[in-house]
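> mind folding the following:
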Amino acid sequence: MDLNELLAQGRNRRSLLQAMGVAAIGISFGGLAACSKGEGKKLANGEEAKLNFYNWDTYIGETTLDDFKGATGVEVKMDLFDSNDVLFAKFKAGNPGYDVIVPSNDFVERMALADMLQTLDHAQIPNLKNIDPTFIDVDYDKGRKFSMPYTWLSLGIGYRKSKVKTKPDSWKVLFDSPEYAGRISWLSEAGDMFRLYGKYLGKSVNALTPADIATIEAMMIKQKPNVKNFHVDDGQDLLLKGDVDLVLEYNGDIAQAMTEDDDIDFIVPKEGSQLNSDNLCIPKGAPHPKNAHAFINYMLDAEVDKKITETILFPTPNAAAKALMPDSYKNNPVIFPPADVLAKCEYAKFNPELQRLFEEAFTRVRAA
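Next comes the predicted model:
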């Protein structure tokens, strides 16, 4: 079975969520095999049968939450965010009531340093055994003290083949050229934008200086008139609708769009790019920490993650789930870029001082 057949089995991930609403989705389930259904009922672990989940848009399987309800009876409410900056800002004044969140690698580090994350009890997450060992002892969270890996991903250019003169194999087309004026879309996340501009200038994403940031800010302001918008985690939708012809976006998002429109393609520019890894974490003050551990363990189950991966089409760090996927997924160069491409890509590290400069400069760019 190939990717198109997988998606043809039901509504694709976007239509599923769009049918429910795009701003904030609340999905509620009740019941427990071992106890009565209903609001406020207690589980055997002493907690209410509830879980509050804060996730990215289009980043869950079509039946995952329903299936979790069937397995545990826990009622899940899922709200959506569209950038790590929004996620971090939400928790600045304390946990507003969430049990599980999905920050990217550098924000796991940032939130841990800010004492926003609860230490995980690995004894309650036995499905950790399913994770590829290379994703366990990571620089941003040694030994997985605060996070469990959900996906990994690469940033690149999604584009409409019929609208470009040549394959857009350089960041130049998005960052430093009027060639596609009014037909390009940028990310709305400060750190990612500055680090990728750094790649275009031949620098490591982790080696930018305040002088580099000033240079990039000026370049962004110069290029901004050619940019249609700063998208909010929906660049692939802009591409599908024909609102733009080129978009800075994640590989999994474009891989899914490619199954809906064969005029769409994706490329990691020749200068290299940034890799991200999104993670499942329990924020400090989570009202249902035992349910949160159970939910994370459930998400790491091989069959569960296989169903999620079939829907979202991002690279999974779950080796047991990946083994269950078809070759059309495992051998897809958009989802899993070749080794020579990955060799020019890097994970971003959190730098408090640079992050402040990124955000201040990006605010000025957006206001310019």
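
> other SSEs contacting the longest strand seen in the chain?
Residue-count comparison of every strand in the chain, with assignments taken from DSSP state E, identifies strand 148-160 as the longest. Identification of packing neighbours for strand 148-160 by 3 or more CB pairs under 8 Å, 6 or more residues apart in numbering; DSSP states H and E yields helix 235-241, strand 246-250, helix 251-260, strand 264-267, strand 273-280, helix 289-299. For glycine as for every other residue, the C-beta is placed from the backbone atoms N, C-alpha and C.

> pLDDT score assigned to the spatially most central residue of the chain?
By CA atoms, centre = their mean, the chain has its centre lying nearest to residue 278, at 5.3 Å. We have a pLDDT of 97 for residue 278.

> my guess is it meets residue 104, correct?
Yes. Counting by CB atoms under 8 Å, residue 278 does reach residue 104; the two are 5.4 Å apart.

> the closest residue to residue 179 other than its chain neighbours: which element?
Closest residue to residue 179 apart from its sequence neighbours, by CB to CB, 6 or more residues apart in numbering: residue 173 at 6.1 Å. Applying DSSP states H and E as the criterion places residue 173 in helix 172-175.

> was I right to think residue 304 contacts residue 298?
Yes. With contacts counted by CB under 8 Å, residue 304 reaches residue 298, the gap being 5.9 Å.

> thinking again about what came up before, surely the residue nearest to residue 179 is in contact with residue 181?
No. The pair formed by residue 173 and residue 181 falls short of the contact definition of CB under 8 Å, at 10.9 Å.

> quick revisit: ok, now how distant is the residue nearest to residue 179 from residue 266?
Using CB to CB, to the nearest Å, one gets 14 Å for the distance from residue 173 to residue 266.

> and for these two, which residues touch both?
residue 157 (CB atoms under 8 Å, 6 or more residues apart in numbering).

> quick one: least confident helix or strand in this structure?
Using mean pLDDT, DSSP states H and E, the weakest-scoring helix or strand in the chain turns out to be helix 13-20, at a mean of 38.

> burial measure for the residue nearest to residue 303 when sequence neighbours are not counted, as a count.
If the residues on either side of it in the chain are set aside, residue 303 comes closest to residue 324, at 7.2 Å by CB to CB, 6+ apart. Other residues lying near residue 324 total 15 when counted by other CB atoms under 10 Å.

> in contact with residue 324, which residues?
302, 303, 306.

> swap in residue 156?
Neighbour list for residue 156: 248, 249, 251, 254, 266, 267, 268, 269, 273 [criterion: CB under 8 Å, 6+ apart].

> and it, what pLDDT?
In the predicted model, residue 156 carries a pLDDT score of 98.

> repeat for residue 25
Per-residue pLDDT puts residue 25 at 35.

> offset the numbering so it begins at 22, please.
Done: numbering now begins at 22, and the last item shifts to residue 46.

> before we move on, the earlier item: the helix or strand just after the helix holding residue 194 pairs with which strands, parallel or anti?
Following helix 193-196 in sequence order, the next helix or strand is strand 205-208 (DSSP H and E). The strands that strand 205-208 pairs with in its sheet are strand 248-252 (parallel), strand 267-271 (parallel) (by DSSP bridges).

> deepest in the core, which of the ones you listed is it.
Per-stretch averages of neighbours, counted by mean count of other CB atoms under 10 Å, single out strand 267-271 among the strands paired with strand 205-208, with a mean of 26.

> how far off centre is the longest helix along the chain?
The residue-count maximum for a helix in the chain (DSSP state H) belongs to helix 373-388. Centroid separation between helix 373-388 and its chain, computed with CA atoms, centre = their mean, to the nearest Å, is 21 Å.
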